[in-house]
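Peer 1: Mind folding the following:
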Amino acid sequence: VFCTFTVPNGTNNVVLSLATIVTLVSAGLTQRWTISFPLLPFLVLQVLRRLDLVGGTSEGLSWMALIIGILSTLFILSAAALSILFPAVELTPIQGKYKVGIIDLHLPVDLTEGIRRGSLLGTQDEEGNDHFVTARILYPTDEEPEDLPYLEPESAPLLCAELMKCGAPGPLKSLGWMLHTWRLTHIRAKRNAQPSTQQESFPLAVYSHGLTGIAAIYSYQSLNLAASGTIVLMVDHTDQSAVATRRRDSTHLLYDHKPVTDVYMKGKEVQYVRRRRAQTQHRVEECLSALSCLKSLNRRNIPDLASAGVSFIGKLETTDVTLMGHSFGGCTVLSAAAQRPDLVTAVVAHEPAVDWMPDSDRRALFPDHKMKNAETPYAGGTGGYEYAERDEEEKKEDGRTRSRSRSRSRSRSTAYGVAAPSPSSIHDVNMLFLYSDEWAKLGWGAFPQIKDMHERGALGPDGTSDVGVIQKAKHNEFSDTCMLTPIWLARATGLTGERNPHETAAEIGARTIDFLGATRERKRKE
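Peer 2: Take a look at the predicted model:
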């Protein structure tokens with residue numbers, strides 16, 4: 001504004017030059033595009049003015065100089081308007097008993113069981129990357145938090161570019177710089193802090209992200225859980241369902257678009273769903289292997305933690321384990337619980353893609369003896385059960401699901417470092433299903449069947465399991481995406497429902513913590 005309405009002289013030129021240099025050095029052309037884009041035509045106009053190409057004089061402005069002054073003002077106003085329309089939004093402040101520590105690492109895991117069964121998809125076979133899971137641990141601490149970048153700075157440009165490729169409308173897919181505000185967002189946590197001493201040990205949770213997600217974009221729910229007194233292990237999956245997973249050698253494994261472009265978009269829905277089911281098994285292997293490694297940290301440290309000066313020895317309540325996830329992640333944790341219910345205390349499924357669970361796991365969730373009097377039957381989902389004919393005789397047996405779970409547990413009696421001594425099924429585990437109003441109305445995620453089971457008292461072991469609906473909300477509100485997107489834009493594109501996404505995120509977090517509290521209270525009474 002000063003440069004626009006003052007005579008071009010030494011002071012004016014210095015101010016203009018400094019303002020330009022500071023803006024471009026700190027933000028380049030795209031990191032703060034709301035400012036830098038209007039700055040470019042503004043600079044052109046100011047250069048023309050200084051070259052005396054438009055008749056401006058020290059005594060007064062010519063009519064052309066006046067036009068330049070008006071246009072320059074409009075560009076300044078447009079920068080202000082764009083900065084207001086596309087602000088750097090912060091997550092809702094976390095409320096909880098504890099402050100939160102954070103550490104990013106690569107967990108050494110034993111994937112022998114998955115390799116033996118051939119259920120891993122071959123995305124970790126590069127030298128130096130196999131047998132490691134990319135993870136983030138959030139945990140209670142007594143140390144004061146600080147502002148940390150929401151996205152890891154080194155990977156942020158790539159992550160923003162890939163997120164736009166996966167989620168933006170066609171013309172905007174290549175404009176990763178539009179998510180520059182995500183790079184300005186912070187989370188409140190203390191990197192490499194010591195675990196809290198206020199409690200002897202803390203319960204555990206493993207979080208699985210959704211399709212085209214990464215652990216970071218589920219920060220709010222995970223920070224909320226950690227602040228309430230849970231050690232949360234967040235997994236970045238390597239089945240190429242994440243936008244970009246940073247591996248141990250610092251390379252990135254990118255999202256695979258082929259299942260959508262080469263299968264789903266060509267009308268092959270059944271093949272598409274079955275391909276996702278194969279990916280689910282890969283994700284299950286990673287979650288269970290990561291859980292096994294997390295539990296082992298109660299007895300011994302690993303190099304990544306030791307080098308950061310952090311130790312969880314003696315701080316983990318290894319008998320209290322929650323599996324938690326959203327969408328594809330919700331499907332993943334339900335399948336993990338169906339396959340190893342003996343390892344799990346509770347499951348929190350935020351809008352799970354139930355149809356992507358493998359055959360045996362869907363059958364475990366919807367066994368014949370629990371669906372006998374169902375108002376809404378379950379026929380196996382898209383394409384039915386792939387091995388329906390082979391398993392027809394098994395399906396006739398009463399209690400088939402428990403039998404198969406028992407046999408599966410025996411075959412894995414030493415897998416993931418924990419024995420499976422007793423028969424169990426996923427319905428011996430307390431479960432929380434939370435759906436958005438959007439999915440509930442559409443009947444997605446097997447909502448009608450899950451709700452019916454709950455109403456008949458057939459969901460879970462003891463009445464603590466629950467099914468809830470977040471009113472006037474949409475699918476993406478279980479992640480941070482809607483909180484980080486300007487509300488006017490999120491509503492215009494259908495990303496967000498009628499409510500403020502900060503409000504729905506707080507409700508999701510509160511209902512999750514209340515459920516886990518009820519589960520632990522029930523366990524204590526027993």
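Peer 1: Only C-alpha atoms from now on, for both contacts and neighbour counts.
Peer 2: Will do.
Peer 1: mean confidence score for the biggest helix by length in the chain?
Peer 2: Longest helix in the chain by number of residues (criterion: DSSP state H): helix 269-296. For helix 269-296, mean pLDDT is 96.
Peer 1: go on, stretch 493-513?
Peer 2: 94.
Peer 1: Check which residues of the longest helix of the chain are buried.
Peer 2: 270, 272-274, 276-296 (16 or more other C-alpha atoms under 10 Å).
Peer 1: Report all helices and strands that that helix contacts.
Peer 2: Contacts defined by 3 or more C-alpha pairs under 8 Å, 6 or more residues apart in numbering; DSSP states H and E place helix 269-296 against strand 99-108, strand 202-208, strand 231-236, helix 328-339.
Peer 1: in this protein, which helix or strand is least confident?
Peer 2: Sorted by mean pLDDT, DSSP states H and E, the helices and strands of the chain end with helix 400-411, the least confident at a mean of 43.
Peer 1: and the angle for the helix or strand just after that one with helix 328-339?
Peer 2: Next in sequence after helix 400-411, counting helices and strands by DSSP states H and E, comes strand 430-436. Strand 430-436 runs at 160 degrees relative to helix 328-339, counting by axes from the mean of the first three to the mean of the last three C-alpha atoms, to 10 degrees.
Peer 1: May I have strand 430-436 as PDB, with CA atoms only?
Peer 2: This file holds the C-alpha atoms of strand 430-436, laid out as PDB (Å, rounded to 0.1, in the frame of the first residue of the first chain):
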ATOM      1  CA  ASN A 430     -16.100 -55.200  22.800                       C
ATOM      2  CA  MET A 431     -16.700 -53.100  19.700                       C
ATOM      3  CA  LEU A 432     -17.700 -49.500  19.000                       C
ATOM      4  CA  PHE A 433     -19.000 -48.700  15.500                       C
ATOM      5  CA  LEU A 434     -19.400 -45.000  14.700                       C
ATOM      6  CA  TYR A 435     -21.000 -43.900  11.400                       C
ATOM      7  CA  SER A 436     -21.600 -40.500   9.800                       C
END
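Peer 1: Direction included, what does that strand pair up with?
Peer 2: Strands flanking strand 430-436 in the sheet, each with its direction: strand 346-350 (parallel), strand 466-470 (parallel) (DSSP bridges).
Peer 1: picking that back up, how far does the longest helix of the chain sit from the chain's center?
Peer 2: 15 Å (C-alpha atoms, centre = their mean, to the nearest Å).
Peer 1: orientation of it relative to strand 202-208 in degrees?
Peer 2: Using the same axes, to 10 degrees: helix 269-296 against strand 202-208 is 150 degrees.
Peer 1: who does the helix or strand following helix 269-296 touch, helix- and strand-wise?
Peer 2: Downstream of helix 269-296, the first helix or strand assigned by DSSP H and E is helix 303-308. Contacts defined by 3+ C-alpha pairs under 8 Å, 6+ apart place helix 303-308 against strand 99-108.
Peer 1: Return the list of strands paired to the strand it packs on, each annotated with direction.
Peer 2: Checking strand 99-108 against DSSP bridges gives partners strand 132-141 (antiparallel), strand 186-191 (parallel).
Peer 1: Which among the ones you listed is found nearest to residue 450?
Peer 2: strand 132-141 (30.5 Å; C-alpha to C-alpha).
Peer 1: what residues does that closest one touch?
Peer 2: By C-alpha atoms under 8 Å, 6 or more residues apart in numbering, the surrounding residues in contact with strand 132-141 are 98-109, 193-197, 215, 222-223, 226-237, 245-248, 286, 290.
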